[in-house]
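Engineer: Sequence plus the predicted model coming up.
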Amino acid sequence: MSEEVDRTGKDFIRQIIDGDLKSGKVKKIHTRFPPEPNGYLHIGHAKSICLNYGIAKEYGGKFNLRFDDTNPSKEEAEYVESIIEDVRWLGADWEDRLFYASDYFEQLYEWAEQLIKKGKAYVCDLSAEEIREYRGTLTEPGRESPYRNRSVEENLDLFRRMRAGEFPDGAKTLRAKIDMAAPNMNMRDPVMYRILHRKHHRTGNKWCIYPSYDWTHGQSDSIEGITHSLCTLEFEDHRPLYDWFLEQLGIYHPQQIEFARLNISHTVLSKRKLLQLVETGVVSGWDDPRMPTIAGLRRRGYTPEAIWDFCERIGVSKADSLVDIGLLEHCIRDDLNRRALRRMVVLRPLKVIIDNYPDDKVEWLDAVNNPEDESAGTRKIPFSKEVFIERSDFMENPPKKYFRLYPGNEVRLKHAYYITCTDVVKNERGEVVEVHCTYDPESRGGGTPDGRRVRGTLHFVSAKHGVPVEVRLYDTLFTVPDLSNLPEGKDFMDYLNPNSLEVIENALAEPSLSNVKPGEKFQFLRLGYFCVDKDTETLKKPVFNRTVTLKDTWAKIQRKLKKNGG
RNA sequence: UGGGGCGUAGCCAAAUGGCAAGGCAGCGGCCUUUGGAGCCGCCAUCUGGAGGUUCGAGUCCUCCCGCCCCAGCCA
């Protein structure tokens, strides 16, 4: 205790921050999340948001949301709106500090003139292709542009005329004058401004030259007084360039720290690939419940709490990783287990007729809403002579360890009665269409005075009370875990999972589910967690998305039996 | 073959020269009116490899191997 910094268990970034605080390098922590509005946010961005906002909160500091909107040809207002919504939904609070890099265009322009005056930047007439040729390769140094030694006066004049719109797109660029032989490619006279006669979503037609990301990012952080600029690994070798700009300008210097971006198995996390999925119609949109976007996860039924939990569990480091999607699923199960109300829904109904139950009798039985939370209370569920059970809960010739309904076996209908299978009715194709049972009136509520045990408990829906609902079952978007390392000639689109969506249009739900609102979440007993989809309003019937299944021990046993030749 | 990073269990990830945390997955068992949840136990004689320094090395040194990123007027 005392002067030792306790770093145990903290990620390396927090350890650095602890050190900076202790040494007095910084007094208050200030972080930011700097998205480019050219697509929807995904779970990888959530990692960054949780890191940046989490740190600001833990250290009593501040957190900014800033759009890095330096490229009007890719960016749209729709994206800034969705991003704002998603960051807010995740619970990160930027208070009154919502900024745009485009807010700094004028300042950036002035700074550019400053560099020109110092002889550290020049207007270059080389075309894009020529710049590439002059840049050299990874192993050979580049050559200096023939325009590199223009006078300050000429550069200033040309740059001002670039701004004034005298030149067409691509005719000229403003470049930093650094070192064409630098082993770090980023230092080989990088482009600071390009001519782009394009309308910007915020500045409109005010500008026809736009600053590059490299020329914008570090200074934006500097302007905002960001103490720790957290970004992903690919910007590590841009850091010397940012340092160079900041030093030439003589302005406040934030500390950049890089961490590894998130990868998750069986999905892709790159805006380019996600855009492709959207544009090719493989998914219904950025918020398709199969998408790893924040909007998709939200529609799928994920909660901000589960996403935060996930981001905390995966940790932060500099090692490339591929996190098992099972961990994400664990997090949402863990959260929903505690808070989701239980309901009964039968996906693929099989009729059960209880022969010794009175024809027109209906009983309303008590059912616990959530065994994990007594305060969730109870509800009434109807029971009658004819009920539906899950087709998979009956087998005429069951394998070993099958505890569900089969001829002669007694099972419990959850919250209701014990029933015993007495007969099976089949159609001409030999398919079971109806099962006959008898019930034990003594077992009302699910237990008997004699205390005898039944191994199986089934969910059910009373036939005459069942409410038709649509249920959408999702699986992973891709069939292989690692989409970053595919065989020669294969593309990630070659591994799309044809069964990533299965729609069940005629499931039957208990009556309490007849009136639900989009976003509401439930556990359907023995099936999984489900979330009411927004289509509920347009389709005029309840539509549920399966967020995640329950853990399925029986499926595991089946797999084992199969493997052992059972 | 230039530069910048990274290698700890099936997957993440701690460790800061003192006897390899934790989580997910997996495997046993208990319990159960959800084959859910919960509970208990097991799961690295070993840190990419080889040498070296040290009483002591995942941590320090040397060499080697492997993987990722950089040649946009994208971010």
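Structural biologist: Arrived safely, thanks for sending.

Engineer: Tell me the buried residues in stretch A:114-125?
Structural biologist: By neighbour count with 16 or more other C-beta atoms under 10 Å, stretch A:114-125 contains the buried residues A:L115, A:I116, A:K120, A:A121, A:Y122, A:V123, A:C124. Yep, even glycine has a C-beta here, placed from its N, CA and C like the rest.

Engineer: Keep only those of those that are in helices.
Structural biologist: Secondary structure assignment (DSSP state H) places A:L115, A:I116 from these within helices.

Engineer: So which of the buried residues of stretch A:114-125 belong to strands?
Structural biologist: Among the buried residues of stretch A:114-125, the members found in strands (DSSP state E) are A:A121, A:Y122, A:V123, A:C124.

Engineer: hang on, the third one packs against A:M162?
Structural biologist: Yes: in this structure, A:V123 sits in contact with A:M162. The criterion is C-beta atoms under 8 Å, and the distance is 6.9 Å.

Engineer: Common neighbours of the two, please.
Structural biologist: Taking C-beta atoms under 8 Å, 6 or more residues apart in numbering as the contact rule, A:V123 and A:M162 both touch A:K172, A:L174.

Engineer: what does stretch A:440-450 contact?
Structural biologist: Contacts with stretch A:440-450, where a contact means C-beta under 8 Å, 6+ apart, come from A:363, A:365-366, A:410, A:412-420, A:457.

Engineer: repeat that for 7 Å
Structural biologist: A:L365, A:R412, A:K414, A:H415, A:A416, A:Y417, A:Y418 (C-beta atoms under 7 Å, 6 or more residues apart in numbering).

Engineer: Same question for stretch A:466-482.
Structural biologist: Residues contacting stretch A:466-482 (C-beta under 7 Å, 6+ apart): A:265-267, A:289-290, A:300, A:322, A:325, A:345, A:347, A:388, A:495-497, A:499-509, A:511, A:513-514, A:533, A:539, A:541-546.

Engineer: now do stretch A:342-352
Structural biologist: A:369-370, A:381, A:386-391, A:394, A:414, A:432, A:434-435, A:437, A:459-461, A:463, A:469, A:471, A:504, A:507-510, A:512-513, A:522-525, A:527.

Engineer: Let me know how buried the nearest residue to A:L249 once chain neighbours are set aside is, in neighbour terms.
Structural biologist: The shortest distance from A:L249 to any non-neighbouring residue, by C-beta to C-beta, 6 or more residues apart in numbering, is to A:W111 (5.6 Å). The tally of other residues near A:W111 (other C-beta atoms under 10 Å) stands at 20.

Engineer: so how far is the helix or strand harbouring A:V461 off the chain centroid?
Structural biologist: Element membership of A:V461 [criterion: DSSP states H and E] is strand A:460-462. The chain centre lies 35 Å from the centre of strand A:460-462; the measure is C-alpha atoms, centre = their mean, to the nearest Å.

Engineer: Paired strands for that strand, with orientation please.
Structural biologist: Sheet pairing of strand A:460-462 (DSSP bridges) gives strand A:386-390 (antiparallel).

Engineer: And the partner strand, what's buried?
Structural biologist: Buried, per 16+ other C-beta under 10 Å, within strand A:386-390: A:V387, A:F388, A:I389, A:E390.

Engineer: Which of these sits closest to RNA strand B?
Structural biologist: Nearest to RNA strand B among the buried residues of strand A:386-390, counting by C-beta to the nearest atom of the strand, is A:E390 at 9.9 Å.

Engineer: How about the contacts made by the closest one?
Structural biologist: Contacts of A:E390 by C-beta under 7 Å, 6+ apart are A:V346, A:L347, A:R348, A:H459.

Engineer: between those residues, which is closest to RNA strand B?
Structural biologist: Set against RNA strand B, the nearest of these by C-beta to the nearest atom of the strand is A:H459 (7.0 Å).

Engineer: rewinding a little: cross-check the contacts of A:E390 against RNA strand B and keep the overlap.
Structural biologist: Residues of the contacts of A:E390 in contact with RNA strand B (C-beta under 7 Å from any atom of the strand): none.

Engineer: Now which of those would you call buried?
Structural biologist: The buried subset of those (16+ other C-beta under 10 Å) comprises A:V346, A:L347, A:H459.

Engineer: pretty sure the last one contacts A:L525?
Structural biologist: It stands for A:H459. Yes: using C-beta atoms under 7 Å, A:H459 makes contact with A:L525 at a distance of 4.3 Å.

Engineer: who touches both of those two?
Structural biologist: Common neighbours of A:H459 and A:L525 (C-beta under 7 Å, 6+ apart) are A:M344, A:K414.

Engineer: tell me the phi and psi of A:L98?
Structural biologist: phi -100, psi 120 (degrees, to the nearest 10).

Engineer: Give me the neighbour count for it.
Structural biologist: A:L98 has 14 neighbours, counted by other C-beta under 10 Å.

Engineer: Mind telling me what element the residue lying closest to it once chain neighbours are set aside is part of?
Structural biologist: Counting by C-beta to C-beta, 6+ apart, the nearest residue to A:L98 once its immediate chain neighbours are dropped is A:L65, at 5.2 Å. A:L65 is part of strand A:62-67 when elements are defined by DSSP H and E.

Engineer: Show me what that strand is in contact with.
Structural biologist: A:30-35, A:37, A:52-53, A:56, A:80, A:87, A:92-94, A:97-101, A:220, A:224.

Engineer: what about the residue in chain A that RNA strand B sits nearest to, helix or strand, and which?
Structural biologist: Among all residues of chain A, A:G446 sits closest to RNA strand B, at 2.0 Å; criterion: C-beta to the nearest atom of the strand. Here A:G446 sits in a region with no helix or strand, counting by DSSP H and E.

Engineer: Keep the contacts of stretch A:440-450, but drop any that are not near RNA strand B.
Structural biologist: Restricting these to contacts with RNA strand B (C-beta under 7 Å from any atom of the strand) yields A:R412, A:K414, A:H415.

Engineer: Contacts only, for the nearest residue to the first one once chain neighbours are set aside.
Structural biologist: Right, A:R412. Leaving aside its chain neighbours, A:R412 sits nearest to A:T457 (4.5 Å; criterion: C-beta to C-beta, 6+ apart). Counting by C-beta under 7 Å, 6+ apart, A:T457 touches A:V411, A:R412, A:K414.

Engineer: A:S145 now?
Structural biologist: Per C-beta under 7 Å, 6+ apart, neighbours of A:S145: A:C124, A:L126, A:Y134, A:D189.

Engineer: Who is the first one paired with across the strands?
Structural biologist: Beta-bridge partners of A:C124, counted by DSSP bridges, are A:T173.

Engineer: so what pLDDT did it get?
Structural biologist: Confidence at A:C124, expressed as pLDDT, is 98.

Engineer: Adjacent strands (with direction) for the strand holding A:L65?
Structural biologist: Going by DSSP bridges, the partners of strand A:62-67 are strand A:30-33 (parallel), strand A:98-100 (parallel).

Engineer: can I assume A:L230 is in contact with A:I257?
Structural biologist: Yes: at 5.5 Å, A:L230 counts as touching A:I257 under the criterion of C-beta under 7 Å.

Engineer: In terms of neighbours, single out the busier of those two.
Structural biologist: A:L230 (21 against 17).

Engineer: Am I right that the more buried one is in a helix?
Structural biologist: No: counting by DSSP: H, G, I helix; E, B strand; the rest coil, A:L230 is not found in a helix; it is strand.

Engineer: Now for it: which residues touch it?
Structural biologist: Here A:L230 is in contact with A:I13, A:T31, A:L51, A:N52, A:I257, A:F259 (C-beta under 7 Å, 6+ apart).

Engineer: Many thanks, have a good one.
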